[in-house]
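Peer 1: model the following, please.
(one chain, ligands or ions: 1)
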Amino acid sequence: MALREIIKKGIRVPSVSISTPLKHGRSSIFAITEIARKPISTSAKNIPEFSFSSFLQGSRCRGVLAKEPLIRWFHASPELLAKRRNEEPIGLKTAKRGNKGKFRKREIGTPPVETPYMPPKPQKTTKSLQDKTIDIFEGMTIVELAKHAGEPITTLQDIVVNVGEKVTSEFDPLSIDVAELVAMEIGLNVRRIHSNEGTDIVPRAPVITVMGHVDHGKTSLLDALRQTSVAAKEAGGITQHLGAFVVGMSSGASITFLDTPGHAAFSAMRARGAAVTDIVVLVVAADDGVMPQTLEAMSHAKEANVPIVVAINKCDKPAADPERVKTQLGAEGLELEDLGGNVQVVEVSAVKKTGLDDLETALLIQAEMMDLKARIDGPAQAYVVEARLDKGRGPLATAIVKAGTLVCGQHVVVGSQWGRIRAIRDGMGKLTEQARPAMPVEIEGLKGLPMAGDDIVVVDSEERARMLSSGRKRKFDKDRLIKINEERIETLEPSEEGPKRIEMPVIVKADVQGTVQAVTDALKTMNSPQLFVNVVHVGVGSVSQSDVDLALACGACIIGFNVKCPPSSVSTAATHAGIKILIHRVIYHLLEDIGNMIVDKAPGTCETQVAGEAEVLSIFELKGRSKAKGDDVKIAGCRVMDGCVTKSSTVRLLRSGEVVFEGCCLSLKREKQDVEKVGKGNECGLVIRDWDDFQIGDVIQCMEQVIRKPKFISSESGAVRIEC
Ligand SMILES: Nc1nc2c(ncn2[C@@H]2O[C@H](COP(=O)(O)OP(=O)(O)OP(=O)(O)O)[C@@H](O)[C@H]2O)c(=O)[nH]1
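Peer 2: This is a model prediction of the structure:
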């Protein structure tokens with residue numbers, strides 16, 4: 001849609017992304033933007049005069065770097081601009097530019113037509129740039145970037161200038177951070193490609209994630225492995241410190257385990273492109289066998305192209321049947337070594353601590369086959385495994401370095417957060433100066449809380465860190481808005497015809513960022529055309545007064561997952577405000593609770609149903625007995641076959657299965673006594689208002705109005721849904 005149309009129609013544009021080469025008429029575009037950004041009541045005359053320098057500043061913050069590129073308006077040349085001006089008289093005339101690049105005068109023509117502002121109906125975004133990911137690398141040129149991005153070189157040059165970089169030629173190498181910023185400004189996702197060439201490359205420890213069905217012993221196995229570690233034995237046992245730990249073996253080799261068992265953490269990390277895990281240990285209980293989440297874990301590993309080592313656990317149990325498990329896994333397409341494939345299987349017992357050495361050996365063999373190596377010099381490439389907020393130390397992130405060395409004091413950008421690394425601690429909680437590949441560490445010094453799977457990028461200066469972080473935040477916010485919009489549309493569309501949609505606003509608080517995400521994702525699985533679980537706010541830490549205030553403002557309930565009960569002052573405030581706080585540690589219990597709340601909250605739909613059914617066995621006629629007119633009255637002598645016949649309800653008469661009359665009951669008697677209702681198996685006399693044409697064999701049904709609430713359904717695999 002042309003800008004002129006937008007202005008005319010009064011559609012408010014949140015902000016506009018404009019990109020034009022210098023001298024190609026950006027001043028007029030800027031002026032148009034100013035009008036379009038405001039509600040239509042603003043007249044063009046209100047636009048203040050501006051100078052060339054203020055325009056440049058303006059274009060930086062509102063034009064090229066604008067947040068919502070709903071409209072892209074490229075001017076290729078002054079000729080095209082002139083042509084457009086002729087074709088689309090927008091009521092604005094471009095200022096004439098003087099020799100020194102200053103605007104002398106700007107004439108403003110016809111103000112836009114004033115029509116009331118109508119918020120635009122959310123529209124489905126077409127498969128957008130938001131979904132496009134390009135590879136970027138240190139030293140790439142603008143020409144290369146333009147080729148990857150599919151954008152004109154001049155557009156990118158302009159953005160590079162606007163992010164404060166000097167450009168002398170399109171063949172100038174860009175730093176990887178600037179390349180990312182430029183890509184984000186045009187709405188693209190990036191994948192940073194790090195070069196490994198010519199540096200010190202050494203073998204590294206494998207990084208392993210344990211997955212499997214609920215209660216098959218993932219946590220027990222991790223605990224057992226942690227205790228068998230040589231390092232643990234030497235240190236007299238490690239207190240759990242990080243979301244990852246290293247098992248040192250007597251041979252000197254080591255294995256890094258991610259202590260965030262579960263598919264949610266794995267998927268969340270993968271969704272952010274964090275290829276942290278080298279191998280998945282698939283835990284299957286020997287007595288239970290393959291279960292739904294075993295299959296889920298298998299597909300997660302397959303999709304991520306991560307090899308599996310199977311640990312058949314609970315082999316100490318009398319009901320254990322490892323052979324059956326192997327057959328089941330084989331039938332699911334896993335090519336086990338025993339069956340001629342290359343997937344290793346180890347029989348273990350986490351409780352009896354048997355088979356753990358075999359498991360470690362199997363993992364080392366798998367790692368050896370993969371020839372895992374990493375560069376140890378140069379800037380670190382690392383990922384966040386877990387993040388939490390510590391009262392005294394601020395945001396803390398458990399990280400795994402993939403390549404290079406992370407050094408204390410470096411400026412980093414972590415996801416959309418930034419900071420300067422104040423301290424690095426190893427798995428034992430000991431301060432260290434640096435972290436090398438496959439070494440889980442905790443870093444301190446970030447300004448905000450990152451998320452599991454966020455990448456850690458080392459940058460040269462605080463300025464660069466701030467700039468990259470704010471660029472990422474803008475992109476993150478924009479993508480989030482697009483996603484919310486799409487989710488709303490998806491859930492809204494089919495419900496327009498159907499029953500009214502239930503919206504359930506919730507606030508999610510959890511112990512760590514990964515859990516926040518897992519809970520949020522689990523809640524979203526409940527969404528359907530009839531239900532929208534609207535996660536209005538998320539955060540790490542226990543439920544606070546400000547959560548209660550927010551919940552009150554938006555009618556939300558508060559979920560606290562894996563957090564302590566809130567202080568009594570907060571609970572009291574919530575009770576007074578009528579805000580529900582749900583504290584849970586098991587996701588299925590939480591979903592069940594939320595499901596029940598939704599059912600309670602749902603208004604339900606009013607339905608008519610048959611409450612009782614009677615068959616006409618005989619017909620009596622009472623002469624001149626009608627109270628109103630003194631006419632004859634026909635009584636149907638009936639037997640109640642099902643349910644209950646009630647005098648106050650509406651009735652319908654069926655003959656040969658067809659409804660022939662609908663009305664109300666005038667009189668209901670049982671053995672000459674007026675009664676209100678007659679139950680199944682009993683006989684009664686029934687008079688229907690305005691109907692006396694009874695026949696033997698007719699069926700009289702009593703109808704009642706019921707409010708039907710949605711049903712909460714939870715399946716064995718733990719999935720839940722609300723059926724309206
Ligand atoms: N007999 C026996 N019991 C085990 C073994 N491993 C775990 N268990 C028991 O199985 C139950 C579940 O173990 P967890 O380690 O909590 O299982 P999980 O897979 O981490 O469970 P979720 O975190 O709920 O998915 C506990 O009661 C454990 O004591 C084992 O090797 N032998």
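
Peer 1: use CA for all of it now, contacts and neighbours both
Peer 2: Will do.

Peer 1: which strand or helix spans the residue sitting nearest the centre point of the chain?
Peer 2: With distances taken as CA atoms, centre = their mean, Asp521 lies nearest the centre of the chain, 4.9 Å away. Assigned by DSSP states H and E, Asp521 belongs to helix 513-524.

Peer 1: same deal with Tyr588?
Peer 2: With DSSP H and E as the criterion, Tyr588 is inside helix 587-601.

Peer 1: kindly report the same for Gly685.
Peer 2: Element membership of Gly685, judged by DSSP H and E, is strand 683-688.

Peer 1: now do the next helix or strand after that strand against strand 683-688, angle only.
Peer 2: Next in sequence after strand 683-688, counting helices and strands by DSSP H and E, comes strand 699-708. Angle, strand 699-708 to strand 683-688, by axes from the mean of the first three to the mean of the last three CA atoms, to 10 degrees: 80 degrees.

Peer 1: so which bits of strand 699-708 are buried?
Peer 2: 699-704 (16 or more other CA atoms under 10 Å).

Peer 1: and of the residues you listed, the nearest to Leu372?
Peer 2: Of all those, Leu372 sits closest to Glu704, with 70.8 Å by CA to CA.

Peer 1: close to the ligand: what parts of the stretch 151-300 of the chain are there?
Peer 2: The stretch 151-300 of the chain comes close to the ligand at residues 214-220, as judged by CA under 6 Å from any ligand atom.

Peer 1: top of these by neighbour count?
Peer 2: Among these, the one with the most neighbours (other CA atoms under 10 Å) is Lys218, at 27 neighbours.

Peer 1: got the buried residues for stretch 514-525?
Peer 2: For stretch 514-525, a neighbour-count test (16+ other CA under 10 Å) marks 514-520, 522-524 as buried.

Peer 1: er, stretch 682-695 actually
Peer 2: For stretch 682-695, by 16+ other CA under 10 Å, it's 683-688, 691, 694.

Peer 1: which two among those residues are spaced furthest apart?
Peer 2: Glu683 and Trp691 (19.9 Å).

Peer 1: surely Leu336 meets Thr327?
Peer 2: No: contact criterion CA atoms under 8 Å: Leu336 and Thr327 do not qualify, at 9.3 Å.

Peer 1: the two: which has the busier surroundings?
Peer 2: Leu336 (19 against 15).

Peer 1: now do that one against Lys353, distance only.
Peer 2: In this view, Leu336 and Lys353 are 23 Å apart by CA to CA, to the nearest Å.

Peer 1: His411 too?
Peer 2: When His411 is compared with Lys353 (using CA to CA), they lie 43 Å apart.

Peer 1: neighbour count winner among these two?
Peer 2: Using other CA under 10 Å, the more surrounded residue of His411 and Lys353 is His411, with 25 against 18.

Peer 1: would you confirm that that one contacts Glu463?
Peer 2: No: His411 is beyond contact range of Glu463, at 9.4 Å (criterion: CA under 8 Å).

Peer 1: end to end, how far does stretch 637-655 reach?
Peer 2: With CA to CA, one end of stretch 637-655 sits 16 Å from the other.

Peer 1: that stretch: which residues count as buried?
Peer 2: Buried, per 16+ other CA under 10 Å, within stretch 637-655: 637-654.

Peer 1: same deal with stretch 393-403?
Peer 2: Result for stretch 393-403 [16+ other CA under 10 Å]: buried residues 395-403.

Peer 1: ok, now stretch 445-453?
Peer 2: So for stretch 445-453, counting by 16+ other CA under 10 Å, buried means 445-446, 448-453.

Peer 1: and for stretch 601-610?
Peer 2: Residues of stretch 601-610 classed as buried: 602, 604, 610 (neighbour count, 16+ other CA under 10 Å).

Peer 1: where does this structure have low pLDDT?
Peer 2: For the chain, the stretches with pLDDT under 70 are 1-131, 194-199, 228-242, 260-274, 481, 483-500, 624-630, 714-724.

Peer 1: relative to the ligand, how far out is Asn313?
Peer 2: Applying CA to the nearest ligand atom, to the nearest Å, the value for Asn313 to the ligand is 5 Å.

Peer 1: for burial, what's the neighbour tally of that residue?
Peer 2: By other CA under 10 Å, 30 other residues sit near Asn313.

Peer 1: residues contacting it?
Peer 2: 216-217, 283-286, 347-350 (CA atoms under 8 Å, 6 or more residues apart in numbering).

Peer 1: can you rerun that using 7 Å?
Peer 2: Asn313 makes contact with 217, 283-286, 347-350, according to CA atoms under 7 Å, 6 or more residues apart in numbering.

Peer 1: what residues are bridge-paired with it?
Peer 2: Beta bridges link Asn313 to Ala285, judged by DSSP bridges.

Peer 1: in which helix or strand does Ala551 reside?
Peer 2: Going by DSSP H and E, Ala551 is part of helix 545-554.

Peer 1: rewinding a little: which two in the buried residues of strand 699-708 are spaced the farthest apart?
Peer 2: When CA to CA is used, the two most widely separated members of those are Val699 and Glu704, lying 16.3 Å apart.

Peer 1: report the inter-axis angle for the lengthiest strand in the chain versus strand 699-708.
Peer 2: Longest strand of the chain, by residue count under DSSP state E: strand 605-622. Between strand 605-622 and strand 699-708, the angle comes out at 160 degrees (the same axes, to 10 degrees).

Peer 1: what's the distance between strand 605-622 and the middle of its chain?
Peer 2: 52 Å (CA atoms, centre = their mean, to the nearest Å).
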